[in-house]
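>>> Predicted model, plus sequence, below.
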Amino acid sequence: MRTPSLSHPRPRTQFAHPPAMAAAVAAPPKLTPAEASDPKKNPLNPQGLKPCCACPDTKRARDECFLLYGSNADSSSGSTDKCRQVVEAHLQCMRGLGFPV
């Protein structure tokens with residue numbers, strides 16, 4: 001049997017980042033709303049959308065739900081339960097663009 005030469009290391013198996021490191025790599029830095037709108041500081045928002053103009057489809061659905069069932073501030077209307085899914089979808093969309101919501 002031949003012993004491996006030190007000048008020719010074994011090929012390394014390529015692994016993804018360890019789980020703890022992957023989370024650190026994937027998580028964008030905490031940005032202010034103004035910074036989240038800046039494509040130079042936020043690669044998740046390459047178009048430079050401002051919070052008011054981001055996620056128009058989920059924002060529209062959220063607003064329609066509030067108009068139909070009342071705002072979340074009115075706990076007696078039950079809108080908290082009725083609008084929970086559309087609000088969560090809108091928040092996920094905003095977070096996906098790097099906005100701190």
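Yep, that arrived.
>>> Any stretches of the protein with poor pLDDT?
1-29, 72-80 (pLDDT under 70).
>>> For the protein, just list every one of the helices.
In the chain, helices defined by DSSP state H lie at 19-26, 33-36, 56-69, 79-82, 84-96, listed in chain order.
>>> could you dump those helices to JSON lines with mean neighbour count and distance to residue 44?
For every residue, glycine as well, the C-beta is placed using N, CA and C. Conversion of the helices of the chain to JSON lines gives the following (neighbours: other CB atoms under 10 Å; distance: least, CB to CB, whole Å):
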{"stretch": "helix 19-26", "mean neighbour count": "9", "distance to residue 44": "11"}
{"stretch": "helix 33-36", "mean neighbour count": "16", "distance to residue 44": "8"}
{"stretch": "helix 56-69", "mean neighbour count": "15", "distance to residue 44": "16"}
{"stretch": "helix 79-82", "mean neighbour count": "15", "distance to residue 44": "29"}
{"stretch": "helix 84-96", "mean neighbour count": "16", "distance to residue 44": "7"}
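>>> Just put the ones you listed in JSON lines and tack on distance to residue 50.
Listed next are the helices of the chain as JSON lines, based on distance: least, CB to CB, whole Å:
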{"stretch": "helix 19-26", "distance to residue 50": "24"}
{"stretch": "helix 33-36", "distance to residue 50": "8"}
{"stretch": "helix 56-69", "distance to residue 50": "12"}
{"stretch": "helix 79-82", "distance to residue 50": "26"}
{"stretch": "helix 84-96", "distance to residue 50": "11"}
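>>> Now do the contacts for residue 30.
Taking CB atoms under 8 Å, 6 or more residues apart in numbering as the criterion, residue 30 is in contact with residue 100.
>>> Great, nothing more from me.
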